[in-house]
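S.K.: Here is the input, now give the coordinates:
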Amino acid sequence: MNEMKQTMPAINGTRQLGTSLIEVLVAVVVLAVGMLGVAGMQASALRNNQAAYERSVATFLANSITERMAANRAAALNGDYNTALSSSCPTPGGGTLASQDLTDWITEIRSPGMLGTTACGAVNCAVVGGVTVCQITLQWTDQRSAVSGTDTNQLVLEVRP
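M.R.: Predicted coordinates for the structure are as follows:
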């Protein structure tokens, strides 16, 4: 028996098969790289937005103790509001209006929605050139902005009570 071979007819011209699939794959790769770039920008924007929020809160809290000191000016000039910055950040407790103000302020700093439980504040009033100048320092840990996972930030505000 003679078998008949079927052959494909020759294609005239330079037509290539499968190019549309390659074009689709290249388009998908380009789209994926673009989406990764957008996701990276979004993550960076969220980190920077959180850092800006924390700086705004720190400024608000520094003004909070400034107003309390202005309301109790004689004690502020006397140095009753002076506290040191420490890692444990103890609250001075009640007793005088100044110590109650400091206790409330540190509690406010560390409360949820503010700077967090690692935050601390300090006040240092001293006479400089015959004028009392108070330096208010707030320190907190920013978990989102650092590459290593934690970054300690400080805000220092100088006021004259």
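
S.K.: What residues sit buried inside stretch 120-138?
M.R.: For stretch 120-138, the neighbour count (16 or more other Cβ atoms under 10 Å) marks Cys120, Gly121, Ala122, Val123, Asn124, Cys125, Thr132, Cys134, Ile136, Thr137, Leu138 as buried. (Each C-beta comes from the backbone N, C-alpha and C, glycine too.)

S.K.: again with stretch 51-71
M.R.: Buried residues in stretch 51-71 (16+ other Cβ under 10 Å): Ala51, Glu54, Val57, Ala58, Leu61, Ala62, Ser64, Ile65, Thr66, Arg68, Met69.

S.K.: Now for Ala84: which residues touch it?
M.R.: Taking Cβ atoms under 8 Å, 6 or more residues apart in numbering as the criterion, Ala84 is in contact with Ala122, Asn124.

S.K.: Tell me how far it lies from Leu61.
M.R.: 17 Å (Cβ to Cβ, to the nearest Å).

S.K.: again with Ile106
M.R.: 10 Å.

S.K.: For these two, list the residues in contact with both.
M.R.: Counting by Cβ under 8 Å, 6+ apart, the residues touching both Ile106 and Leu61 are Gly121.

S.K.: which helices and strands sit right next to the host helix or strand of Gln100?
M.R.: Taking DSSP states H and E as the definition, Gln100 sits inside helix 97-110. For helix 97-110, the packing partners by 3 or more Cβ pairs under 8 Å, 6 or more residues apart in numbering; DSSP states H and E come out as helix 19-71, helix 73-78, strand 120-128.

S.K.: how does it look with 7 Å?
M.R.: Secondary-structure packing of helix 97-110 (3 or more Cβ pairs under 7 Å, 6 or more residues apart in numbering; DSSP states H and E): helix 19-71, strand 120-128.

S.K.: Could you verify my assumption that Ala119 touches Trp140?
M.R.: Yes. Assessed by Cβ atoms under 7 Å, Ala119 is found in contact with Trp140 at 3.8 Å.
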